[in-house]
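In: below are the sequence and a predicted model; questions follow.
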There are 2 protein chains.
Amino acid sequence: MTLTQLSTFVLVAKLGSVKAAATALGVSEPAVSQALAALRQQLGDQLVVRGGATMRLTTAGTRLLPIASQMVALGADAEAAVRAGKGAPGQLRVVASGTVMEFVATPLVDAFAERSGRKIDTTVGMAATSEMPVLLANRFADVALGPNLGRTVGDTADTERGSELISEPVFRTHLVVVAGAARLPGSPAHWSWLVDSTATDPASDAGRLLHRLHVPEARLRVFGSMTAAWAAAADGAGVAIAPGHLVTARLRRGELRVVNTAATPADATWYLTTLTPERRSIAAETFRHYLSSAAALRVMREPGAGVPPSKFRPPVYVTLWS
Amino acid sequence: MTLTQLSTFVLVAKLGSVKAAATALGVSEPAVSQALAALRQQLGDQLVVRGGATMRLTTAGTRLLPIASQMVALGADAEAAVRAGKGAPGQLRVVASGTVMEFVATPLVDAFAERSGRKIDTTVGMAATSEMPVLLANRFADVALGPNLGRTVGDTADTERGSELISEPVFRTHLVVVAGAARLPGSPAHWSWLVDSTATDPASDAGRLLHRLHVPEARLRVFGSMTAAWAAAADGAGVAIAPGHLVTARLRRGELRVVNTAATPADATWYLTTLTPERRSIAAETFRHYLSSAAALRVMREPGAGVPPSKFRPPVYVTLWS
DNA sequence: TCCAGGCTTAAGTATTCCCTTAAGGGACCG
DNA sequence: CGGTCCCTTAAGGGAATACTTAAGCCTGGA
């Protein structure tokens, strides 16, 4: 019964699938399945079993989950405690949604590291919206930047202590639909939508927008980054989604134009999600404070030139700081 | 950072020595030292350093200890939870002092297992008095049978939550000094004391008795078991210590006679020590209840023939159910 | 000053972890 | 009934664990 195995179990149980856990951990499916098999053999119980759509917990698994979850969290706390105890630099692990990751996470974190006098080691990873609560609750990450993760209706799991999350708005923008010079036939559901991978996350801002416009999946063309999608849109290949404030330059130059739809322009707010204050690490608190500064706002508003399409790595999930 | 390493660290920190931890775990000293070295390297801090008599915690080590301790305890809880969840037999791990171990632990546990309908897997290990609180607090054991472990004055460590212990008297006897036919010259401090290894434990009943009589260590001859010591005493090799109720037959047969001293007969009470009720396992609670039964009392009063000297294993510490 | 007890290192070995790719089921859906 | 998605097993390899014995080293005490 290793901590790795327990982490794996927790992730599978909370995400409801081996595949999802494997993705979140950045390993192959068999790796997860095998860790699970080892736990199952040693504890003499299946713990999680296939139950149609999602993996279901057995009775024993249900009892194990809160304990395992706490052990994993304590494992992270242990490292943080030792770090703090020996006066070493703190550590801040950020997870960001794809959009935030592409445009502002890196410059934001760079600026933060600069400002903190390099006293805080900061790393960034990308995660899907559904993964973020799990990653935070189990201390795989300290803060999340992306959509609102505050408690939503129908949230059955996670009534355990310590898993409560707090989302605070840090930046408000609006999503617009943009296109090049090409004519757009018929309704939005018939257009060709040039999107990045976050749009396939139904809980993301872009995903919700597409859902509201009833765009079928067949009409999507997924690009490795938003920047790449915009370039394709400018070439007349279809329409793309963009945070308004990030395409002002392209609009001014006439490369792109705004296309109004029934659902756009749509408000879109980026949130910072953390644990409750008493469970927050010092580094997380510092970062939270930094985000309310004028310097941080400036970075989010004008994140520089963005990342050139070739340099932005597609949704290769970062191995999450094992 | 494995659970094994954390257990090792906790044991070293709480027992104050690598050697003690190695003994308690039933492994060699280098094994402990090495586990510690691995932790130290990974966490980048010494955690515990040599500080004269006992190992002292560094700042980082101080912060780590409560967290590690809780992780270890949760590890045991996890197994228990899964066991309970799948309806498997419960588990009861008993630690006993040497005397209890030699005479009553085995028959007591056998009787308990019988009575519980084999629904509880019971194992017994032997431990020194100083080790018992640590073993209980970190879930290496569920109950302890031996001297009173309730909070004593000067108990500096263990103010952390969950380490509170409750000792309840379960059997009252009295210690007597016995000898064979030989004449005893001078004061008790000059006699030859034939004892078992528990007498070298200063916190044990026998150890305290020897201290009260100012018997120097040089006057001790350590035997592998009390039974063996009594046999030697009967041969005239010196005096021995015995719980009165266990030597009545030998006294009646004239093999031994009681020698009165300034400190004997001395009251000696065996206690059952457990965690607080809400932290107690079901098996521990069941055992506690069983001990108050007439059947248990009978076993403790007349534990059969005892163990023949050759069969009782000297303080070979049982590997503690890792 | 040397000695002794106790912590640490060195060297070697068996075991377990943890990951990979490739291939074998099993359930659900059209 | 075949496809597809997903979980699982098989096989293999590299690294880390966890233990041993033997030998060094540091500190405190006679």
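Out: Nice, I can see it.

In: per-residue pLDDT, whichever residue of the stretch 151-300 of chain A sits closest to DNA strand D?
Out: Of all residues in the stretch 151-300 of chain A, the one sitting closest to DNA strand D is A:E217 (11.3 Å; CB to the nearest atom of the strand). Every residue, glycine included, has its C-beta placed from N, CA and C. For A:E217, the pLDDT comes out at 78.

In: please, where are all the helices along chain A?
Out: Along chain A, counting by DSSP state H, helices occupy A:3-15, A:18-25, A:29-43, A:59-85, A:98-100, A:106-115, A:131-137, A:205-212, A:226-234, A:248-253, A:282-291, A:294-301.

In: wait, what's in contact with the residue of the stretch 151-300 of chain A closest to DNA strand D?
Out: Listed by CB atoms under 8 Å, 6 or more residues apart in numbering or on different chains, A:E217 has no contact partners.

In: that one and DNA strand C, how far apart?
Out: 14 Å (CB to the nearest atom of the strand, to the nearest Å).

In: what parts of chain A come near DNA strand D?
Out: When proximity is defined as CB under 7 Å from any atom of the strand, chain A approaches DNA strand D at A:17-19, A:29-30, A:33-34, A:36-37, A:48-50, A:55.

In: contacting residues for the closest residue in space to A:V109 that isn't next to it in sequence?
Out: Distance criterion CB to CB, 6 or more residues apart in numbering or on different chains; nearest residue to A:V109, sequence neighbours excluded, is A:T122 at 5.0 Å. Counting by CB under 8 Å, 6+ apart, A:T122 makes contact with A:91-94, A:109, A:112-113, A:283, A:287.

In: now the farthest one out in chain A, which residue is it?
Out: A:G44 (34.9 Å; CA atoms, centre = their mean).

In: I'd assumed B:G85 was in contact with it.
Out: No - with contact defined as CB atoms under 8 Å, A:G44 does not count as touching B:G85 (10.5 Å).

In: list of residues touching stretch A:269-289?
Out: The contact list for stretch A:269-289 (CB under 8 Å, 6+ apart) reads A:80, A:84, A:90-92, A:94, A:100, A:112, A:116, A:120, A:122, A:132-133, A:136-137, A:142-150, A:162, A:164-173, A:291, A:300.

In: kindly report the same for stretch A:229-240.
Out: With CB under 8 Å, 6+ apart, stretch A:229-240 has contacts from A:177-182, A:184, A:188, A:191-196, A:221, A:223, A:226, A:241-242, A:247, A:250, A:255-256, A:259, A:309.

In: let me know the pLDDT of A:T62.
Out: Among the per-residue scores, A:T62 holds a pLDDT of 92.

In: and it, how far is that from A:D45?
Out: 11 Å (CB to CB, to the nearest Å).

In: repeat for A:V27
Out: Counting by CB to CB, the gap from A:V27 to A:D45 is 23 Å.

In: try A:T122
Out: Distance of A:T122 to A:D45, computed by CB to CB: 40 Å.

In: which residues touch A:P188?
Out: Neighbour list for A:P188: A:177, A:213-215, A:239, A:261-262 [criterion: CB under 8 Å, 6+ apart].

In: swap in 6 Å and give it another go.
Out: By CB atoms under 6 Å, 6 or more residues apart in numbering or on different chains, the residues touching A:P188 are A:213, A:261.

In: just A:Q91 next, same as before
Out: Shown in contact with A:Q91 (CB under 6 Å, 6+ apart): A:D121.

In: separation between it and A:K119?
Out: 11 Å.

In: hmm, back to that, would you show me how to pick out the buried ones of the contacts of stretch A:229-240 in ChimeraX?
Out: Typed into ChimeraX, the line below selects the buried ones among the contacts of stretch A:229-240, using 16 or more other CB atoms under 10 Å in any protein chain shown:
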select /A:177,178,179,180,188,191,192,193,194,195,196,223,226,241,242,247,250,255,256,259,309
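
In: ok, residues contacting stretch A:25-41?
Out: With CB under 6 Å, 6+ apart as the criterion, stretch A:25-41 contacts A:5, A:8-9, A:18-19, A:21-22, A:46-47, A:317, A:319.

In: one more time with 10 Å
Out: Residues outside stretch A:25-41 that contact it (CB atoms under 10 Å, 6 or more residues apart in numbering or on different chains) are A:1-2, A:4-9, A:11-13, A:17-24, A:45-49, A:55, A:58, A:60-61, A:64, A:68, A:125, A:140, A:316-320, A:322, B:78, B:82.

In: remind me, longest strand of chain A?
Out: strand A:165-179 (DSSP state E).

In: what comes up buried for it?
Out: Residues of strand A:165-179 classed as buried: A:165-167, A:170-171, A:173, A:175-179 (neighbour count, 16+ other CB under 10 Å).

In: what's the answer for stretch A:14-21, then?
Out: Buried residues in stretch A:14-21, counted by 16+ other CB under 10 Å: A:14-18, A:20-21.

In: number of residues surrounding A:Q34?
Out: Using other CB atoms under 10 Å in any protein chain shown as the criterion, A:Q34 is surrounded by 14 other residues.

In: same check on the one 3 residues further on?
Out: Other residues within reach of A:A37, judged by other CB under 10 Å, total 12.

In: from A:L251, how far out is it?
Out: 54 Å.

In: and what of A:I120?
Out: 37 Å.

In: the more surrounded of these two?
Out: Applying other CB under 10 Å to A:I120 and A:L251 shows that A:I120 carries more neighbours, namely 21 against 15.

In: which residues sit in contact with the residue of the stretch 101-250 of chain A found nearest DNA strand C?
Out: Per CB to the nearest atom of the strand, A:F140 is where the stretch 101-250 of chain A lies closest to DNA strand C, at 12.9 Å. Residues in contact with A:F140, defined by CB under 10 Å, 6+ apart, are A:7, A:10-11, A:24-25, A:72-73, A:76, A:93, A:95, A:125, A:127, A:131-132, A:134, A:320-322.

In: find the nearest non-adjacent residue to A:R115, please.
Out: A:Y290 (6.5 Å).

In: in this structure the one you found contacts A:V94, no?
Out: No - using CB atoms under 10 Å as the test, A:Y290 is too far from A:V94 to be in contact (11.7 Å).

In: name the residues contacting each of the two.
Out: A:108, A:112.

In: more crowded one of those two?
Out: A:V94 (25 against 16).

In: now do the residue nearest to that one when sequence neighbours are not counted, the pLDDT please.
Out: Leaving out its chain neighbours, the residue that sits closest to A:V94 by CB to CB, 6+ apart is A:V124, at 4.7 Å. If you check A:V124, the pLDDT there is 80.

In: spatially, what comes nearest to A:W191 if we skip its sequence neighbours?
Out: Counting by CB to CB, 6+ apart, A:V239 is the residue found nearest to A:W191 once chain neighbours are left out, at 5.1 Å.

In: ditto for A:V134
Out: Nearest residue to A:V134 in three dimensions, chain neighbours excluded: A:K14, at 4.6 Å (CB to CB, 6+ apart).

In: one more: A:F103?
Out: A:P303 is the one closest to A:F103 (CB to CB, 6+ apart), at 4.9 Å.

In: surely that neighbour and A:V104 touch.
Out: Yes - using CB under 10 Å, A:P303 makes contact with A:V104 at a distance of 4.6 Å.

In: neighbour count winner among these two?
Out: Using other CB under 10 Å as the criterion, A:P303 and A:V104 rank with A:V104 on top: 25 against 20.

In: quick one, what contacts that one?
Out: By CB under 10 Å, 6+ apart, the neighbours of A:V104 are A:96, A:111, A:145, A:171, A:243, A:246, A:270, A:296, A:299-304, A:306.
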